[in-house]
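**Q** below is the sequence, then the predicted model.
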Amino acid sequence: MIFFEFAKRNLARHKFRSVLAVVGIVIGVLAITALGILGNSVRLSASEQLCMIGNELVVFPYGEEPISEQNFKQIDKAAAVAIPINSRTEKATLNGEQSLVMIYGMRSEDISKLVEKEEGQFLKHGSLNCLVGSRLAENYELRVGERVAVRGQKPRIVGILKERGIGFDINPDNAVIVSEKMFESLFNSSASASGYNSVIVKVEKVEEVEEVRREIEDRLNKREQVVRVMELKQIVEGIKKLFSTISVFLLGIGAISLLVAGVSILNVMLMSTVERTKEIGVMRAIGTSRSGILRMFLFESLILGTVGGVAGAVLGFGAGFLVDVLVLQEASYLLAPSSVLYIFAGVAFGIGTSVLSGLYPAWRASRLKPIEALRHE
């Protein structure tokens, strides 16, 4: 352990130089940890979404005109379940505070097919009440029985929905859901007359999704393109691939940061070897073995790598938490085994880079001959 104490003393002797070497390791490990956690969280989130909505299609109007009632009936014939959706972003007063809120208008019988309730009840047919998303309720401290003011009307909250996460069909967590009748009352428009913003199609088996998509397009897009049919499975897979590519690129940047840090440590250790040549000569003259000198220098590299690796991993974990909350609005993926693995991988890369960078200076110091070292000026 005496060589470990020597290593600590030597690093403390040149604090500024040691800190600069550690900063490089911190940046590299932080990048690997944070970006690895983000990429893995997106992959886990997308996989969850794929399980939930892999059998869904979303039909959008091709142009500015909404999907007409007649076209909706054609979609309904092609699918096992077709859910027409109307949506508007509108100012609402929530518990005395004004905010822009997404308002979904849906048939009452369709709501339970897309969302689950946390408390209260679903809307009854023709209800003039509303449901609110979990995050909206949490952010504005909304409770069942309170009212939401929208466009001069005050529908009563009869239910609060379970958190669903980011969706590719609807995003109910920060939204208000009302019945078709209430939506028509709020925006002075009849769905049967003005049409729908989108239609969510649920297919019984995932294998039949492509077949249903083709049938909808054959029914509606024969003469001219009227609708766009999107497979949610393809969207999710595309997002997974995109983030995988971005993650590899960003992890490459992290690896380059570690490489630069490694070169910095190599320079620090080589300078240390030159500065301490006489000291090494004295140690060799009084009987210190070459392996002892080698261990002392490697301990210095190990200390730099461990301090930088642990600090970078802690900061990377914090950055990963912030990004997960901001991007995915979900922090549970942070503690998934595959995410935690990036923390240990970051520390291991940091220590490994540091020790590898210290190998040559340590070997060079251990090969110094006592007499030549003592004569060094």
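**A** Yes, it's here. Everything numeric in this text was worked out from a predicted model, so none of it was measured. Residues are numbered from 1 along each chain as shown.

**Q** from the chain's centroid, how far away is stretch 115-134?
**A** Offset of stretch 115-134 from its chain centre (CA atoms, centre = their mean, to the nearest Å): 30 Å.

**Q** I would like the residues contacting it, please.
**A** Where contact means CB atoms under 8 Å, 6 or more residues apart in numbering, the residues beyond stretch 115-134 that reach it are 108-109, 111-112, 142, 144, 148, 155-164, 172-179, 181-182, 185. C-beta: built from backbone N, CA, C; applies to glycine.

**Q** any idea how far G262 lies from G308?
**A** Here the distance between G262 and G308 works out to 11 Å (CB to CB, to the nearest Å).

**Q** oh, that last question was meant for L100, not what I typed.
**A** 44 Å.

**Q** likewise for G96?
**A** In this view, G96 and G308 are 49 Å apart by CB to CB.

**Q** looking at those two, which has the bigger crowd around it?
**A** Summary of the neighbour comparison: G96 and G308, criterion other CB atoms under 10 Å, with G308 having more neighbours (30 against 7).

**Q** re earlier: could you flag which of the contacts of stretch 115-134 are buried?
**A** Taking 16 or more other CB atoms under 10 Å as the criterion, what is buried in these is 108, 111, 142, 144, 148, 155, 157-161, 163-164, 172-179, 181-182, 185.

**Q** can you name the residues that contact R17?
**A** 268, 271.

**Q** go again with 6 Å.
**A** Counting by CB atoms under 6 Å, 6 or more residues apart in numbering, R17 makes contact with V268.

**Q** low-confidence stretches in the stretch 1-150 of the chain?
**A** Filtered on pLDDT under 70, the stretch 1-150 of the chain yields the residue ranges 1-12, 46-47, 49-54.

**Q** show me where this structure has strands.
**A** 56-61, 81-94, 97-106, 117-120, 130-132, 148-150, 157-161, 175-179, 198-202, 227-231 (DSSP state E).

**Q** turn these into a markdown table, including distance to F344.
**A** Formatted as a markdown table, the entries for these read as follows, by distance: least, CB to CB, whole Å:
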| stretch | distance to F344 |
| --- | --- |
| strand 56-61 | 37 |
| strand 81-94 | 43 |
| strand 97-106 | 40 |
| strand 117-120 | 36 |
| strand 130-132 | 41 |
| strand 148-150 | 47 |
| strand 157-161 | 37 |
| strand 175-179 | 39 |
| strand 198-202 | 41 |
| strand 227-231 | 37 |
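
**Q** packing partners for the longest helix along the chain?
**A** For the chain, the helix reaching the highest residue count under DSSP state H is reported as helix 232-275. Using 3 or more CB pairs under 6 Å, 6 or more residues apart in numbering; DSSP states H and E as the contact criterion, the elements in contact with helix 232-275 are helix 15-53, helix 337-366.

**Q** okay, the ones you listed in TSV with distance to C130 next?
**A** Formatted as TSV, these follow (distance: least, CB to CB, whole Å):
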stretch	distance to C130
helix 15-53	24
helix 337-366	37
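
**Q** of all those, which lies closest to E207?
**A** With CB to CB as the measure, helix 15-53 is the member of the helices and strands packed on helix 232-275 nearest E207 (14.5 Å).

**Q** ok and the closest one relative to strand 198-202, angle-wise?
**A** With axes from the mean of the first three to the mean of the last three CA atoms, to 10 degrees as the criterion, the two stretches helix 15-53 and strand 198-202 enclose an angle of 80 degrees.

**Q** would you mark the buried spots in helix 15-53?
**A** Within helix 15-53, the residues scored as buried using 16+ other CB under 10 Å are 18, 21-22, 24-46, 49-50, 52-53.

**Q** so who does the nearest residue to V347 once chain neighbours are set aside touch?
**A** Spatial nearest neighbour of V347, chain neighbours left out: G309 (4.0 Å); criterion: CB to CB, 6 or more residues apart in numbering. Applying CB under 6 Å, 6+ apart, one finds that G309 lies in contact with 29, 347, 350-351.

**Q** tell me the one of these nearest V327?
**A** When the contacts of G309 are compared for distance to V327 (CB to CB), V29 wins out at 21.1 Å.

**Q** residues in contact with that closest one?
**A** Applying CB under 6 Å, 6+ apart, the residues contacting V29 are 309, 312-313, 346, 350.

**Q** next, count neighbours for the closest residue in space to E97 that isn't next to it in sequence.
**A** Beyond its immediate neighbours in the sequence, the residue positioned closest to E97 (CB to CB, 6+ apart) is Y140, lying 6.2 Å away. Applying the criterion other CB under 10 Å, we find 18 residues in the vicinity of Y140.

**Q** Y140 is in contact with G96, isn't it?
**A** No. Using CB atoms under 6 Å, Y140 is not in contact with G96, being 8.7 Å away.

**Q** for I200, give the beta-bridge partners.
**A** I200 has the following beta-bridge partners by DSSP bridges: V58, I83.

**Q** what pLDDT does the model give it?
**A** Residue-level confidence at I200 comes out at 92, pLDDT.

**Q** can you verify my assumption that it contacts I83?
**A** Yes. Taking contacts as CB under 6 Å, I200 lies within contact range of I83: 4.4 Å.

**Q** alright, calling it a day.
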